[in-house]
Structures are given as C-alpha cells and as structure tokens.
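Next input, structure requested:
(one chain, ligands or ions: 2)
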Amino acid sequence: MEYQGKQVFARHGIETSPGGVATTVEQAVAVAERVGYPVVVKAQVHTGGRGKAGGVKLAADAAEARLHATAILGLDIRGHVVKVLWVERASEIAEEYYASFTLDRSAKKHLGMLSAEGGVEIETVAASHPEAIARLWVDPTVGLTDDMARTWVSAASLHPAATEGAVRILQTLYRCYVEGDCDLAEINPLILTPAGEVKALDAKVSLDENAAFRHPEWEAFAGTEDLDERERLAQARDLQYVGLDGTVGIIANGAGLAMSTVDVVSQVGGTPANFLDIGGGASAEVMAAALEVIESDERVRAIFINIFGGITRGEEVANGIVQALGRSAPRSPIVIRLDGTNADEGRAILEPHLSDRVLSRPTMLEAAREAVSLAGR
Ligand code: GDP
Ligand code: MN
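Ligands and ions are numbered 1, 2, ... in the order given. You can find the predicted model right below:
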C-alpha cells in the first residue's frame, strides 16, 4: 500500500510529506493535529485510482479531517474496502509528473519512465500519447549517472524549475529500486511545488520476493499483501501459486514446466485455473497441500498433475500422489502425466489406483486434452 511504499522511500531518502497511518476516525484526526493543516486523507488499498473514487480528500481543519476520514473508512474502491488511512500534510501542487523504474527483462536493463503528464494512470498516457513518456534504459553495471539523469529529465520536458530536484529524486529512486530489491518503484504524482520543491505524493512499490532473505525489515509487510483466498492458503503452505480464472487446476514440478502446462492447456482450448509449482519435492504432504489449494477454487472442474522426474524419482512422485489421494478424495477428476527419471516405476505404482476419476496419460499433450475435456463435461 502507499504508506508502505513511502516507508521504503523514506529509508532511501526520497522526499515525501510527513504523515501517519490511522485505522479509526479519532486516529486520523490525531495524525492531522500532529502534522498540521491542511492535510490530505487517503484511502490505503491495493489499487490505484483512489483519487477519482473519492478516496483522497483535502481537509483544512479538524472538522473536515473527521468528515473525510468518516467517509473514506469503509468505502469500497474497485472491490477493496478501506480499513486503513494515511493522513499527511497537504502539498501545494504546481505540476504533476510520473516517474518509475522496472526491470526490462528482454533488454536485460532497468527501464525508467518519466512523463510530464503525471497524476493519471500511466497506461492511459501510454495509450493516448506514448511520446509523452521519456524512456531510459539503465545498464545495471553503470547505474544512473548525473548526465544521464539530466538528459532524461530534459527529454521529458519537465518545468525548468523542477530540473535539479527531479535529477536528485530520480537518482535516489533508482538507488531505492536497486538496493531496495524492488520489481517496481513508481511515483505518481511526482510533484513540483510552487516553491520549487520536487517530491513524491504517491508511492507504489513491488518487492522482489527472492530477495526477502536480505531484507528483515520486510517482515513488517507480511500479511498485508493483496492476496485472494486461494493465494493466502497457498502461501501458508509454502507453495508457489498464482490464481487464474479458468477451470483446469494445474500442478507441476518446476516453474518452467508449470508455465508450459498453462500454455498447453490453453492451446488445446482449456482455461487454466492456476499456476502451481510444487518445486523439487513431490511428497504426499506437498501433493496433498497442492490438491487442497486447487480444490478450494470452486471453478475447478478437472486437475492436471504434470510431473517430470529429475532428482525426484517417478516412484516417489507416484507414492506422493497415491498417499495424497488416499487422505481425501478430490471433488474433481485428475489426469496425471508422469515422465522422466523412473517414470515406468512410477506409472506401475499409479496403475492400481487409476479409475474414471484418476487417469494417467503418457504425454503432456494427451494429458492436457483429457483434462480439458473432463473440465468441459
Ligand atoms: P491515486 O489516485 O490512487 O493514484 O492517489 P494519489 O495519491 O496519486 O492522489 C490522487 C490525486 O490527488 C493526485 O494526483 C493529486 O492531484 C491529489 N493529491 C494527492 N495528495 C495531494 C496533496 O497533498 N495536495 C493536493 N493539492 N492534491 C493532492
Ligand atoms: Mn497516484
């Protein structure tokens, strides 16, 4: 959420306004009294467009702060109910800009985007006049130098008064993005005040989970992610799971295979219900947990277990599946494709357990077709 993004920003020295978190109207007024009026009262939800939805309001005094906090708490913004507020000292705005860094995987570089047209969603700017976004690819081994930042700022046509402040904040944002292990660090709007200050009014940060081991401070964010019920269940069971909208549940070992499985299911006319990588092991515990998470999704009509034995041998996988099925009978029919190391031994173990509810198919394509056909019935 915004306030958490601002905490990450603050740690790296990016200019933001003083403020505080509130979960009640009383707390909101107390924060307002502390930071001084005027304040802005802001809904904290995992979605943008809060301004337009009535989730961002200026208050000139305690009575207004109370009024807005009362109105915003409990407000439904694009399906997200507001439970937390961020109240900060209001800024005067001369201009609103957009700035962000993300990873451009194909270019193997960081991609910076800067636009003089901030405040609105960047997708809107990109769609209506893409030339208004100045893109800069930063080589991670070089970083964002002064000269690069300056040229970039002038390419984006920010107000001349914003140049120095923008160069500084962009370099700080870049450091925050790299050292803070972010996938995305976005400021929208980045503002220029009438007094010539440049600062971040909003913050959107996405953290690279793989770097969590070197960020003990991220623990403060645990449990506040915007996960759906299935994803919450999966996270509690340490499974790599992404919920999708389809009817074919997918279990695969290895992220690459899980992705191919999603593709193959789509190619043969099915719709994947999820992406689930059970990783290297395929013990009964992991398999049972995977089935439980998939079955918690009511849209699922068939389950496709796609395992390629490597270090994990076929018979271990087969035993894991058999034991997991023995614990609780899944609601949906299951199609298993088992290949790789000791696949024959594994299939022999599965054989006595096969039925019209538990099927085995020798190839990924055949298994995908069968699963999709079962899901359609
Ligand atoms: P979003 O709509 O979810 O992106 O929420 P933002 O935090 O970006 O706020 C939306 C808009 O509210 C901004 O683009 C500003 O125009 C306005 N806004 C936010 N904070 C302030 C402030 O401190 N002062 C003023 N005058 N306007 C603000
Ligand atoms: Mn914004």
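
ok, the closest residue to ligand 2 within the chain - contacts?
Using C-beta to the ion, the closest approach of the chain to ligand 2 is made by residue 202 at 3.5 Å. For glycine as for every other residue, the C-beta is placed from the backbone atoms N, C-alpha and C. Taking C-beta atoms under 8 Å, 6 or more residues apart in numbering, we find residue 202 in contact with 2, 187, 188, 189.

Run a quick neighbour tally on the last one.
Looking back up the chat, that one is residue 189. 21 (other C-beta atoms under 10 Å).

just curious, which of the contacts of residue 202 is nearest to residue 260?
Closest to residue 260 out of the contacts of residue 202 is residue 188 (35.5 Å), distances taken as C-beta to C-beta.

Helix, strand, or coil at that closest one?
strand (DSSP: H, G, I helix; E, B strand; the rest coil).

show me where the stretch 51-200 of the chain has helices.
62-72, 122-128, 146-155, 163-179 (DSSP state H, counting those that start in this stretch).

and the protein, which residues reach ligand 1?
40, 42, 48-51, 56, 58, 90-91, 93, 96, 119, 188-189, 201-202 (C-beta under 6 Å from any ligand atom).

Which members of the residues you listed are classed as buried?
When those are checked for burial by 16 or more other C-beta atoms under 10 Å, the buried set is 40, 42, 48, 50, 56, 90-91, 96, 119, 188-189, 201-202.

Including pLDDT and distance to residue 371, could those go into CSV?
Putting these into CSV (pLDDT from 0 to 100; distance: C-beta to C-beta, whole Å) gives the following:
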residue, pLDDT, distance to residue 371
40, 98, 51
42, 98, 45
48, 85, 36
50, 94, 41
56, 97, 46
90, 98, 55
91, 98, 54
96, 97, 49
119, 88, 46
188, 96, 42
189, 97, 47
201, 97, 48
202, 97, 43
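
In those, find the pair that's most separated.
Farthest-apart pair in these is 48 and 90; separation 19.7 Å (C-beta to C-beta).

buried sites along the helix or strand of the chain with the lowest mean pLDDT?
Sorting the helices and strands of the chain by mean pLDDT, DSSP states H and E puts helix 229-236 at the bottom, at a mean of 83. By neighbour count on 16+ other C-beta under 10 Å, the buried set for helix 229-236 is 230, 231, 232, 233, 234, 235.

so which of the residues you listed comes closest to residue 154?
Of all the buried residues of helix 229-236, residue 154 sits closest to residue 231, with 43.0 Å by C-beta to C-beta.

Now for the nearest residue to that closest one once chain neighbours are set aside: which residues touch it?
Using C-beta to C-beta, 6 or more residues apart in numbering and skipping the chain neighbours, the partner closest in space to residue 231 is residue 243 (5.5 Å). The contact partners of residue 243, taken as C-beta under 8 Å, 6+ apart, are 228, 230, 231, 273, 274, 297.

Distance to residue 257 for those residues - can I get that in CSV?
Formatted as CSV, the contacts of residue 243 follow (distance: C-beta to C-beta, whole Å):
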residue, distance to residue 257
228, 24
230, 20
231, 20
273, 17
274, 14
297, 20
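
about what we covered before: need the residues that contact the least confident helix or strand of the chain.
Residues from elsewhere that reach helix 229-236 (C-beta under 8 Å, 6+ apart): 227, 240, 241, 242, 243, 274, 276, 292, 293, 296, 297.

Now restrict these to buried residues only.
With burial judged by 16+ other C-beta under 10 Å, the buried subset of those is 241, 243, 274, 276, 292, 293, 297.

Which strand residues bridge the second one?
Meaning residue 243. Residues in a beta bridge with residue 243, per DSSP bridges, are residue 274.

I'd guess residue 346 is in a strand, am I close?
No - Residue 346 is assigned helix when assessed by three-state DSSP, not a strand.

Need the nearest residue in space to it, chain neighbours excluded.
Nearest one to residue 346, counting by C-beta to C-beta, 6+ apart, is residue 314 at 2.8 Å.

what's around that neighbour, how many residues?
Neighbour count for residue 314, taken as other C-beta under 10 Å: 24.

ok, it - contacts?
307, 338, 340, 341, 342, 343, 344, 345, 346, 347.

same deal with residue 285?
Going by C-beta under 8 Å, 6+ apart, residue 285 touches no other residue.

host element of it?
Taking DSSP states H and E as the definition, residue 285 sits inside helix 284-295.

Run the angle between that helix and helix 229-236 for me.
Calculated by axes from the mean of the first three to the mean of the last three C-alpha atoms, to 10 degrees, helix 284-295 forms an angle of 170 degrees with helix 229-236.

Could you pull up the mean pLDDT of helix 284-295?
Within the predicted structure, the mean pLDDT of helix 284-295 is 89.

now stretch 19-29
For stretch 19-29, the mean confidence score works out to 97.

Is it correct that the residue of the chain closest to ligand 2 falls within a strand?
No - if the criterion is three-state DSSP, then residue 202 is coil and not within a strand.
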